[in-house]
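Student: Need a 3D model of the following:
(chains A and B)
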Amino acid sequence: MGPFDGGSSSSSSGSCAGKSPEIDGLLAGAGYKVRSSELSQVAQRLERLENVMVNASNEISQVASDVVHYNPSDLANWVDSMLAELTHPQYPPSDLQNFPHHDSWTDQIGNQQNQNLNHNQQLTMVSTMMDEEDSGIRLVHMLMSCAELMQRGDFSLVASMIQEMQVLLIRVNTRCGIGKVAGYFIDALSRRLFSPSSAVCGSDSALENEILYHNFYEACPYLKFAHFTANQAILEAFNGYDFVHVIDFNLMHGLQWPALIQALALRPGGPPLLRLTGIGPPSPDGRDTLREIGLRLAELARSVNVRFVFRGVVASRLEDVKPWMLQVHSKEAVAINSIMQLHKLLYMDPGRASAMDTVLSWIRSLNPRIITVVEQEADHNQPEFLDRFTEALYYYSTMFDSLEACGLQPEKSLAEIYIQREICNVLCCEGSSRVERHEPLIKWRTRLSESGFKPVHLGSNAFKQASMLLTLFSAEGYCVEEKEGCLTLGWHSRPLIAASAWQAVPDEPTRKRDREGDLSI
Amino acid sequence: MEDNRGKKKLPGPKFCINDHVDILVEILKRLDGDTLAVAACVCQLWHSITRHDSLWENLCFRHVPSPPPSGIKPVVLALGGYKRLYMLCLRPVLNRLSRFGLRDRVDHVQLTLSLFCVDCYERLGGGGGKLGESSASSSSSSLILQQIFVLGPIQ
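Tutor: Residues are numbered from 1 along each chain as shown, chains lettered A, B, ... in the order given. This next block holds a predicted model:
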């Protein structure tokens, strides 16, 4: 190829004086100088280059970091130089004799130079992106195969696959998307493999759990949705009663209750006397957290003139709670509030009575006006590991996706740790230590209906409130759906959390109108 | 012109609104939030008047389709006052709703009050602020509203 003139061809007017008449006019208009006689050869070489680039994904990063960029407007030479570079990666780029137009390129200034760089970078970027996407998909396939191996008990293969996946993980962007989720799942798999008996992710510290829970509350709307929807159902159920009693199965910081206190303060006819019984785990450092939360709630209630009585019940497991501890009075309307607690009762210890049956029966004995149940909408209690793994992968990918919309730090990172602990429990733990036994709404319906409860429709007010809550929240992907009287909140049409309300069906055909306060245990 | 002919020129000071605080209050009561904030910068008198919660009370429920529940005043005052309710909760909520064209149609009062109550609870220290978190994350409600501000898509 003969030397081309150094004159710029990027401007439409002006320096066309030095142009050779053999240059293809159409390509010249696009900024590329190719001789018409060489068009087919250049085209063939471009095809070759494309094949090489797609197949030789490793070498491309070298080209990207290479300081010397070849002038792509000189298309023929550019193609040759790229092919040479890629097929012989150790070819010294500083050897200028094969790139005679390097000088002319460095002589050019201004837009032309930037255009060339952008073009090269863009090409590299596209290849890197394709590379990343492929890696992401490969990671998912590998995760599934690894889970299957884990289920079959082929542990040495699992170990080597984990290593491979960790290598592949380097290529993928782990700050978001599939890379991040894959990272957590690979971690869970290796925990399951290497420390099955002590596979508690993170510590059991109640304080840590509370902090993580709080950040999960801040970072995404799931818990707020749960609180507001449950409160609406409770408020409606308490209509007309002057003495009301709420039993919260997991008090945490009591963030659900200020809104209910305020709504009761403003209800037409004046507020009732509100009793709140909060159940919570023991705090190791001797602090009476339940009492502190109760005091704050009481202060709030006092300021808005709602008569308020708080009682804390310390229990590390829900099945340890006995109904007499709750001190339900006969004339009061009782509401039971369970935000993501019922699934923890699903472990069936073969030697003992079912925890779920025990708790459900004493719930019924209290004759509550309403029972609000919020649960994760996922099937994470399947006996086969692979099924659980697959379901968890889809569920938590969606959840992490929705978390991307949150911009608050450190809330977002701490919320991720909270979710990560859930993932670890679902995948790594077995037996009584696996408490995160999520089941979908359909199964809860069946279970509760068979245990003597009937569903209560959540009503349009709850739906409107939930929709407005979402309107106030930024991300566009959240959606509220109503399904047979229950509300679900999801991300892009995948429901992630479901809220429902229930009432106990009176069991004897000869019904008593008012049950006495005596409770048989 | 006619008026000038037989008219005596009035001696003494011209009409000054600051001498008639009741009229001033009536006018300020009808302003919107941003203008009220601007008005607070005019002079000492206007500044002290705009700090009265009653001015903000009018502002808060002006655009609501249905009247606010009765008995709301002591509750709002107990939770922090109308000015705080407006600045912290109502203003971002209204901004957000007007982006979606829902401002006058949807009854956001109950939800706003609930958010305000959560905020008050947080300030009492009830939201876990004392558990060693950074001060930036100690108020759940204000963070909800920060999200409204910062992350909302422009429609």
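
Student: Tell me what the nearest residue to A:Cys486 once chain neighbours are set aside is bridged to.
Tutor: Among residues not flanking A:Cys486 along the chain, A:Ser500 sits closest, at 4.0 Å (CB to CB, 6 or more residues apart in numbering or on different chains). From N, CA and C alone the C-beta is placed, and that goes for glycine too. Taking DSSP bridges as the rule, A:Ser500 bridges to A:Val373.

Student: I'd assumed A:Val373 was in contact with A:Ser500.
Tutor: Yes - in this structure, A:Ser500 is within contact of A:Val373 by CB atoms under 8 Å, at 5.2 Å.

Student: tally of neighbours for B:Val93?
Tutor: Residues near B:Val93, counting by other CB atoms under 10 Å in any protein chain shown, number 23.

Student: Sorry, wrong one. I was asking about B:Ser70.
Tutor: Neighbour count of B:Ser70, defined by other CB under 10 Å: 8.

Student: try B:Ile27
Tutor: Neighbour number of B:Ile27 under other CB under 10 Å is 12.

Student: Can you point out the helix or strand that includes it?
Tutor: helix B:21-29 (DSSP states H and E).

Student: avg pLDDT for the following helix or strand past that helix?
Tutor: Following helix B:21-29 in sequence order, the next helix or strand is helix B:33-39 (DSSP H and E). The pLDDT scores in helix B:33-39 average 87.

Student: Can you give me the buried ones in helix B:33-39?
Tutor: B:33, B:36, B:39 (16 or more other CB atoms under 10 Å in any protein chain shown).

Student: Over to stretch A:289-296?
Tutor: A:289-290, A:292-294, A:296.

Student: what's the pLDDT at residue 119?
Tutor: You didn't pick a chain, so chain A it is. On the pLDDT scale, A:His119 gets 59.

Student: looking at chain B here, not the other one
Tutor: 85.

Student: quick one: secondary structure of it?
Tutor: helix (DSSP: H, G, I helix; E, B strand; the rest coil).

Student: Verify the stated contact: B:Ser114 with A:Gln262.
Tutor: Yes - B:Ser114 is in contact with A:Gln262 according to CB under 8 Å; the separation is 6.0 Å.

Student: More neighbours: which of the two?
Tutor: A:Gln262 (30 against 25).

Student: secondary structure element for that one?
Tutor: helix A:257-265.

Student: again, but for B:Arg91
Tutor: helix B:91-99.

Student: Mind giving me the packing neighbours of that helix?
Tutor: helix A:459-472, helix B:109-123, helix B:140-151 (3 or more CB pairs under 8 Å, 6 or more residues apart in numbering or on different chains; DSSP states H and E).

Student: if you set the cut-off to 6 Å instead, what comes out?
Tutor: helix B:140-151 (3 or more CB pairs under 6 Å, 6 or more residues apart in numbering or on different chains; DSSP states H and E).

Student: Mean confidence (pLDDT) on the helix it packs on, please.
Tutor: Averaged over helix B:140-151, pLDDT sits at 45.

Student: Give me the three-state assignment for A:Ile371.
Tutor: strand.

Student: What confidence value was assigned to it?
Tutor: 96.

Student: Next: A:Glu377.
Tutor: The predicted local confidence for A:Glu377 is 96.

Student: And it, how close does it get to A:Leu496?
Tutor: Distance, A:Glu377 to A:Leu496, by CB to CB, to the nearest Å: 6 Å.

Student: And those two? Which one has more around it.
Tutor: A:Glu377 (23 against 20).

Student: how about the more buried one, phi and psi?
Tutor: Dihedral angles of A:Glu377 (phi, psi; degrees, to the nearest 10) stand at phi -90, psi 80.
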